[in-house]
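Chemist: I would like the atomic coordinates for the input below:
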Amino acid sequence: MFSTRIFKDYTVQRFKKNKMTSQEIRQSFLDFFASKGHKIVPSAPMVIKDDPTLMFTNAGMNQFKNIILGNDPIKYSRVADSQKCLRVSGKHNDLEEVGHDTYHHTMFEMLGNWSFGDYFKKEAIEWAWEYLVDELKLDTDRLYVTVFEGYAPEGLERDDEAARIWEQFLPKSRIINGNKKDNFWEMGDTGPCGPCSEIHIDIRDNAERAKIDGLTLVNGSHPQVIEIWNNVFMQYNRKADGSLEGLPAKVIDTGMGFERLCMAIQGKQSNYDTDVFTPIITEIGLVCGTEYGKNEKIDIAMRVIADHVRTIAFSITDGQLPSNAKAGYVIRRILRRAVRYGYTFLGQRHAFMYKLIDILSENMGKAYPELVAQKSLIEKVIKEEEESFLRTLETGIRLLDKVMEDSKREKQTEITGKVAFTLYDTFGFPLDLTELILRENNFTVNIDEFTSEMQKQKERARNAAATETGDWVTVREGDSKFVGYDFSSYDTEILRYRKVKQKNQEFYQLVLSNTPFYAEMGGQVGDSGTLVSDEENIEILDTKKENNLAVHIAKNLPNDVTATFTATIDTEKRKATECNHSATHLLHEALREVLGTHVEQKGSYVSPDALRFDFSHFQKMTKEEIREVEKIANRKIRENYPLNEMRDTPIAEAQALGAMALFGEKYGETVRVIQFGTSTELCGGTHVQATGEIGMVRIISETSIAAGVRRLEAITAKGVEKLLDEQQDFISDAREFFNNTPDLMSAIQKSIEENSDLKKRVEDFMHEKIINLRDILIEEAQIINGIKVIRVDAELPIDAVKTLAFQIRNVVNEKLFFVAGCVFDGKPSLTILLSDDLVAGGLNAVTIARDAAKEIQGGGGGQPFFASAGGKNPDGIKRAIEKALEAI
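Modeler: Predicted coordinates for the structure are as follows:
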């Protein structure tokens, strides 16, 4: 293990020439902008939970998106931070470059400063220059900047204002015009946008710089002439029709790649050579018994693993575990990519990445304390995921071995692209791993077929997710206010609406001035209900949170959008949901009481029908523990604790009350606290007025969803009533089945014993019959070419045929060819058994069975001496037998 002492010695040696460490560089940025009147805010979680348009934070501006869109008030007009980001899908997808070049990453840190309606281009550019040159002492001769050259089709002129400011610091020759693709930043297809000005640095050695002017390499994908800082000047809003309108408040949004900046400051030519990565890479070498810098393929693998382990660890701390859906699938894919590189290039056949978490938390834990706090959970999750995927890899390799074996038999040297795609899609094999294994065995793969299958999958995914969203139509100005904590019905007006088309269905999204509808958030489902005016009744199907707006989804748009409406929620659905939500709080407290204070919430889902609660715990709960948790929660329900709700409570005060701040959640300076007796939680959801309304809670399952994370599923109120009724009815019906016996369990046990006894008698009878049949068949066997051929054509189950075959083999152990063609329950089956001497002479039961099974439209497998096959065509069974006999 890479010890603290080694790390400290390494750091001293590396930076003894007054080079700043990565931790010092990060802090210097924050200190600089604090001196310019910026509020320093913490990084938002990398995993986004309440934005349907994004799974991950992929830019520093994501956490300020609602302010930029005007949906949240401006609390601080100047802000700076270091934001952890992830880019692996959609427009910002760097995954395939990671490890192969020197500067792309999945997870990275983005240093940024923002102005919301405060300063603009002049200050942004001047401070960028001051920080890089005066503060960090970067060589000005190595710096270049770009400005937007304009775009005539949209009437956009060159950004002369930015160019003039840059001319204070750089000659015009190093102020480069950039096109719309590189120098006009857009949040998405719609939304805030504007010109940007990038700062590039040339970190090549002097000899290389003398040969080629760095000016010609800017934005040319050169690994040592790179962009380090982008200053975005948001001044427009892109509408759905593509047109632009001015933003009411101009925004400065800057982003500087932390890892790239460290490379420039520390005099390296690769991000992976900075102290952000070198401790991890050194540790990989120690764990895997290899050395960095000796072999390019091994180096790539070590870089991939060093990058990916950071991404996985930070995702887990933010509450996103690897899974098969959405964000969890992305994390699982990244983890498996790292495992594959370790498997293929570092020879790792056992879990190893979890061993890197010690050095990662040591290296980055000061800036991100959640790594230290959740180190044990991270290690357990990664280890379990590694072991699971390594088993999957072995299964996939066995499948590929079988495909190659079949292809050799058919004298084929090319594997179909469909097989390669199945390996990719089902077993996580990248095409290059499949190609590597095939190449070692003198096979190739049809790349065009693979590409075609991949394209089909992308089309299916694209079509499934395709959504057409119109522009917002503003009916009246104003802010939307949630009144649902206090009211279930409220008079309101429509502020804006837009049409959305998805999967050939049209819906309308409405924003209301006042709404009692809870928008889906924090695991609680959104409300449904009605919007009623004097003239019409509009059904609200669901309520979602989008960019911090409660968006009400309706099938129809009101005829008069300017009317006054009464918004009313479905109170029965809300009440059932509240029972389940409040029960999660009681269960959380009970779990910590029974299992220990290591229990922390890792996710939840509450609907009218049931609740789901995920929590950290490292072993399966016993029946006694589950029963005790239920008892504690139900006791608190009977004690009928009233709801004590505290809104706008300072976060420090809330934590002093005992409320836990969960990792992976972003809290403001004030929070809402929910108390039921001693249960205290930070929560924005809706709840019962007193615990007695819940009635009762019953846990219906306890399962594992990841290493160190368990899941409870439970029901409350009417759900418990229904369950008890069903259980009572079942017991009554079962007792009636056993003649209304008072002791149902004894009657069931007696029935099981009697059934077991009868089953044994039947088996003994069948065994006796098979022995008799064996003797008859041996006596009637044919001799063909000196081989004793035993042929069976009867209605027998496949298990009985197998037993019969081996009984015969016990008696006849030389020159035996057994073939059975049977139809049982309408299904044909073929069984082949050979004596060892026939196998040694070149016969193979698997080959014979597969060839003959074509007559029954089937296939099979087995071993050289015994094979079986099933099929679809019973009429072909006699032909199958004859086909098998052709082998002799």
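Chemist: Might you report the residue contacts of E385?
Modeler: By C-beta atoms under 8 Å, 6 or more residues apart in numbering, the contact set of E385 is P322, R332, L335, R336, A706, A707. C-beta coordinates here come from the backbone N, C-alpha and C atoms, glycine included.
Chemist: Pull out the buried residues from stretch 276-292.
Modeler: Under the neighbour-count criterion of 16 or more other C-beta atoms under 10 Å, stretch 276-292 has 276-288, 290, 292 buried.
Chemist: Let me know the pLDDT of the closest residue to L321 other than its chain neighbours.
Modeler: Among residues not flanking L321 along the chain, A706 sits closest, at 4.2 Å (C-beta to C-beta, 6 or more residues apart in numbering). A706 carries a pLDDT score of 83 in this model.
Chemist: In contact with A706, which residues?
Modeler: A706 neighbours (C-beta under 8 Å, 6+ apart): L321, P322, S323, V381, E384, E385.
Chemist: That one pairs with what?
Modeler: With DSSP bridges applied, A706 shows beta-bridge pairing to V709.
Chemist: Roughly how far does it sit from D205?
Modeler: Distance from A706 to D205, counting by C-beta to C-beta, to the nearest Å: 47 Å.
Chemist: OK, contacts around the closest residue to T102 other than its chain neighbours?
Modeler: Nearest non-adjacent residue to T102, counting by C-beta to C-beta, 6+ apart: S270, 3.7 Å away. Residues counted as contacts of S270 (C-beta under 8 Å, 6+ apart) are T102, Y103, P223, M263.
Chemist: residues near the second one, how many?
Modeler: If I follow you right, that is Y103. 21 (other C-beta atoms under 10 Å).
Chemist: How many neighbouring residues does N446 have?
Modeler: 15.
Chemist: is it true that it touches T413?
Modeler: No: in this structure N446 lies outside contact range of T413 using C-beta atoms under 8 Å: 11.2 Å.
Chemist: what's the neighbour count on K326?
Modeler: For K326, the count of nearby residues is 10 (other C-beta under 10 Å).
Chemist: Pull the contacting residues for it.
Modeler: So K326 contacts M55 (C-beta under 8 Å, 6+ apart).
Chemist: How much space separates it from M187?
Modeler: 21 Å.
Chemist: what's the answer for H308, then?
Modeler: H308 is 27 Å from M187, by C-beta to C-beta.
Chemist: Of these two, give the one with the bigger neighbour count.
Modeler: Remark: of H308 and M187, H308 carries more neighbours, 28 against 21, as counted by other C-beta under 10 Å.
Chemist: Report the contact partners of that one.
Modeler: Contacts for H308 were tallied using C-beta under 8 Å, 6+ apart; they are V98, T106, I334, L335, R337, A338.
Chemist: what's the pLDDT at it?
Modeler: pLDDT at H308 comes out at 96.
Chemist: What pLDDT does the model give the most far-flung residue of the chain relative to its centre?
Modeler: Ranked by distance from the centre of the chain (C-alpha atoms, centre = their mean), the top residue is E779, with 64.2 Å. Note on E779: pLDDT of 89.
Chemist: Going forward, count from 168.
Modeler: Yes, from this point I'll number from 168; that puts the last item at E946.
Chemist: ok, the nearest residue to G204 once chain neighbours are set aside to I419 distance?
Modeler: Leaving aside its sequence neighbours, G204 sits nearest to R245 (C-beta to C-beta, 6+ apart; 5.3 Å). Using C-beta to C-beta, we find R245 at a distance of 9 Å from I419.
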